[in-house]
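fold the following and give me the result.
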Amino acid sequence: MNTGSTFTVEDALKHPLFTKLAALAGITLLLLIGLGLVEDVVRDRQRYRHQAAQGVAASLAGPQTLMGPMIHSACVESWETETGKGEDRRMVEQRREFLLTAMPEQLRLRSGAAMEERARGLHKVNTYTLQTRIAAQWAPLASLQPQATVKGSRLQCGVPILMLAVGDARGIRTAQLQLGEQQLALKPGTFHPTYSRGVHAVLPESVRGQADGLAVTLDLELVGTERLSIVPLGSRTEVQMDSGWPHPSFSGRFLPSEREVRTDGFTARWRLSSLASTAQQDIGQGKPVCEAPDEEAAVPPPGGARDCADSFSVAFIDPVNPYALADRATKYGVLFIALTFVAVGLFELMQRLRVHPVQYLLVGSALCSFFLLLVSLSEHLPFGVSYALAATACVLLLGYYARHMLGSLRRGLPFGAGMALLYGLLYLLLLEQTALVVGAVALFAVLAAVMVLTRRIDWYGLGAPRAAARPEAA
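Have a look, this model is predicted:
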């Protein structure tokens, strides 16, 4: 018979500390499930906002891409070849269809974008009305003279067409074209096999052999949603854009040469040379325009050709996206719960208190409710105000509950102050670009505090079973 005091697995399972840890593990799992449900809600709201933006784009006009003007002319080269032998010999006509294009030597755009907010339900979408004047100059149009590839062939070309392509032709409100002193009529479509959305004007046949080149001015009013992209088609391209929107996001293959972002709007200027861009060659080959931000940011492999034509863009973004920030906040939910449980556990150890697992569950549930409050309030209020209201409500609730859970106001106040500090830290993590260093320093500070406060605790003593009381000697 073993009369020793060996500590067995059965004893460990019956120990209150093990039971408490198992209960806390189960509570943490439940809270993680709750956080997952909150993240699903945030993603659903993000999806609804994306659908709202698509709905506005479907009814008004989508993100716009401005390309041109340029001149093209469709040509056909035909010739006859002899096939067969003897009596079966006959002449067969062959033909080659090709497109001649002429890109401007100089391209200048002066644009002003007036912003207007459209809403679908709770979700707001930024739309703009672009007023732009485009001045384009061509050198002598030698590139519009067809060259035969077969001796004795016949060449036939259609009239030269000046075209301006856009991303969504529904956004064209007005367009006027001036050729010298003559105003030309613009018609819908471009007659280009690849870039079919836009406007065009038929030029006189005499421009092919015009020795002094060509100069046109085009005034355009264009409506779009959220983003505007421009293709630098000129050998020298200069673009100036002014807008009353104070939060532009510049992207694409080229950033502005100069920019001034103010509280009442921005001014940006691009100065580009065809030596730095392959846009002329890419458009001549009929490649699609790089429109998506992720595609524009892609870097081709060394020595490899791009699959799309160069462009640069301005996105009229909201500086604070409540759904993106709420999604980032929920990712810190596990850290919040862990730090709060550590704080409650420290009060238990240092003050020799007993906190029931149900109380841990209620505290964790209050933490989870913060993220749901944040999402719902930010749909109606600015994100900063929503965050302050949600955080204040949760801090007051947790501080009040901690006063009773920990047995006194003297203990509840520090707990509430610590929660307020945690919410302030989370706000910094969401909005500051130094989020990584702030988070790393904060975690190190918390770990250091826990190690200092628990340096004298006998952890083996906490886990060992209590010795049975011995009867006093007679």
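
next SSE downstream of the least confident helix or strand in the chain by mean pLDDT?
Across the helices and strands of the chain, mean confidence by mean pLDDT, DSSP states H and E is lowest for helix 293-296: a mean of 44. Sequence order places strand 312-316 as the next helix or strand after helix 293-296, per DSSP states H and E.

elements contacting that following strand?
strand 106-120, strand 227-231, strand 236-243, strand 248-252, helix 293-296 (3 or more C-beta pairs under 8 Å, 6 or more residues apart in numbering; DSSP states H and E). Where C-beta positions appear, they are placed from N, C-alpha and C, glycine not excepted.

figure out which of those is closest to Ala201.
Taking C-beta to C-beta, strand 106-120 is the member of the helices and strands packed on strand 312-316 nearest to Ala201, at 16.8 Å.

in its sheet, what does the closest one sit against?
With DSSP bridges as the test, strand 106-120 is paired with strand 123-138 (antiparallel), strand 236-243 (parallel).

between the ones you listed, which gets nearest to Arg197?
Nearest of the strands paired with strand 106-120 (C-beta to C-beta): strand 123-138, 15.7 Å.

now that closest one against strand 227-231, angle please.
Angle of strand 123-138 versus strand 227-231, following axes from the mean of the first three to the mean of the last three C-alpha atoms, to 10 degrees, is 20 degrees.

rank the strands paired with strand 106-120 by mean pLDDT and give me the bottom one.
Ranked by mean pLDDT, the strands paired with strand 106-120 bottom out at strand 123-138, which scores a mean of 89.

angle of it against strand 312-316?
Interaxial angle of strand 123-138 relative to strand 312-316 (the same axes, to 10 degrees): 150 degrees.

if we go by neighbour counts, what in strand 123-138 is buried?
123, 125-128, 130-132, 134-138 (16 or more other C-beta atoms under 10 Å).

figure out how far that strand is from the centre of its chain.
Taking C-alpha atoms, centre = their mean, to the nearest Å, one finds strand 123-138 lying 21 Å from the centre of the chain it belongs to.

cool, stretch 408-427 as well?
Stretch 408-427 sits 34 Å away from the centroid of its parent chain (C-alpha atoms, centre = their mean).

list the buried ones in it?
411-412, 415-416, 418-420, 422-423, 425-427.

could you dump those residues into a markdown table with secondary structure and pLDDT added?
Formatted as a markdown table, those follow (DSSP: H, G, I helix; E, B strand; the rest coil; pLDDT from 0 to 100):
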| residue | secondary structure | pLDDT |
| --- | --- | --- |
| Arg411 | helix | 76 |
| Gly412 | helix | 78 |
| Phe415 | helix | 82 |
| Gly416 | helix | 84 |
| Gly418 | helix | 82 |
| Met419 | helix | 85 |
| Ala420 | helix | 88 |
| Leu422 | helix | 84 |
| Tyr423 | helix | 85 |
| Leu425 | helix | 81 |
| Leu426 | helix | 82 |
| Tyr427 | helix | 82 |
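
now render these as TSV, adding distance to Arg43.
Listed next are the buried residues of stretch 408-427 as TSV, based on distance: C-beta to C-beta, whole Å:
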residue	distance to Arg43
Arg411	38
Gly412	36
Phe415	32
Gly416	32
Gly418	30
Met419	27
Ala420	29
Leu422	24
Tyr423	23
Leu425	25
Leu426	20
Tyr427	22
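
out of these, the closest to Ala326 would be?
Minimum distance to Ala326 across these is 11.4 Å, recorded for Leu426 (C-beta to C-beta).

tally up the residues packed near the residue lying closest to the closest one once chain neighbours are set aside, please.
What sits nearest to Leu426 in space, not counting adjacent residues and going by C-beta to C-beta, 6 or more residues apart in numbering, is Tyr332, at 5.8 Å. Other residues within reach of Tyr332, judged by other C-beta atoms under 10 Å, total 18.

for Tyr332, give its distance to Ala326.
Using C-beta to C-beta, to the nearest Å, Tyr332 is found at 11 Å from Ala326.

same question for Thr81.
Thr81 is 70 Å from Ala326, where distance means C-beta to C-beta.

for the buried residues of stretch 408-427, which one is nearest His404?
Comparing those against His404 with C-beta to C-beta places Gly412 closest, at 7.5 Å.

tell me how many other residues crowd the closest residue in space to that closest one that isn't next to it in sequence.
What sits nearest to Gly412 in space, not counting adjacent residues and going by C-beta to C-beta, 6+ apart, is Arg403, at 3.0 Å. By the criterion of other C-beta under 10 Å, Arg403 has 17 neighbours.

list the residues that contact Arg403.
Applying C-beta atoms under 8 Å, 6 or more residues apart in numbering to Arg403 gives the contacts 409, 411-413.

what mean pLDDT does stretch 34-41 get?
Average pLDDT, stretch 34-41: 84.

now do the buried residues in that stretch.
Residues of stretch 34-41 classed as buried: 34-35, 38-39 (neighbour count, 16+ other C-beta under 10 Å).

ok, and what's touching that stretch?
Residues from elsewhere that reach stretch 34-41, judged by C-beta under 8 Å, 6+ apart: 327, 330, 333-334, 337, 365, 368, 371-372, 375.

distance from it to the middle of the chain?
The chain centroid and the centroid of stretch 34-41 are separated by 22 Å under C-alpha atoms, centre = their mean.

and the strands in the stretch 251-400 of the chain?
For the stretch 251-400 of the chain, the strands defined by DSSP state E, counting those that start in this stretch occupy 258-262, 265-273, 312-316.

nearest to Ser251, out of the ones you listed?
strand 312-316 (5.3 Å).

what angle separates the closest one from strand 258-262?
Between strand 312-316 and strand 258-262, the angle comes out at 0 degrees (the same axes, to 10 degrees).

quick one: mean pLDDT over strand 312-316.
91.

please apply the same query to stretch 192-201.
For stretch 192-201, the per-residue pLDDT values average out at 92.

what residues sit buried inside that stretch?
By 16+ other C-beta under 10 Å, the buried positions in stretch 192-201 come out as 192, 195, 197-201.

next one: Gln64, what pLDDT does it get?
Confidence at Gln64, expressed as pLDDT, is 92.

what do you get for Ala473?
43.

tell me the helix or strand right after the helix or strand where Leu164 lies.
If you go by DSSP H and E, Leu164 is part of strand 161-165. Downstream of strand 161-165, the next assigned helix or strand under DSSP H and E is strand 172-179.

which strands or helices does that next one pack on?
Other helices and strands packing on strand 172-179, by 3+ C-beta pairs under 8 Å, 6+ apart, are strand 182-184, strand 198-202, strand 214-225.

just want the angle from that strand to strand 214-225.
Taking the same axes, to 10 degrees, one finds strand 172-179 and strand 214-225 inclined to each other by 170 degrees.

buried sites along strand 172-179?
For strand 172-179, a neighbour-count test (16+ other C-beta under 10 Å) marks 172, 175, 177, 179 as buried.

how about it as PDB, C-alpha atoms only?
This file holds the C-alpha atoms of strand 172-179, laid out as PDB (Å, rounded to 0.1, in the frame of the first residue of the first chain):
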ATOM      1  CA  ILE A 172     -19.400  61.900 -71.300                       C
ATOM      2  CA  ARG A 173     -21.600  65.000 -70.800                       C
ATOM      3  CA  THR A 174     -20.200  67.400 -73.400                       C
ATOM      4  CA  ALA A 175     -17.300  67.400 -75.900                       C
ATOM      5  CA  GLN A 176     -16.200  70.000 -78.400                       C
ATOM      6  CA  LEU A 177     -13.300  69.700 -80.900                       C
ATOM      7  CA  GLN A 178     -11.500  72.600 -82.500                       C
ATOM      8  CA  LEU A 179      -9.200  72.100 -85.500                       C
END
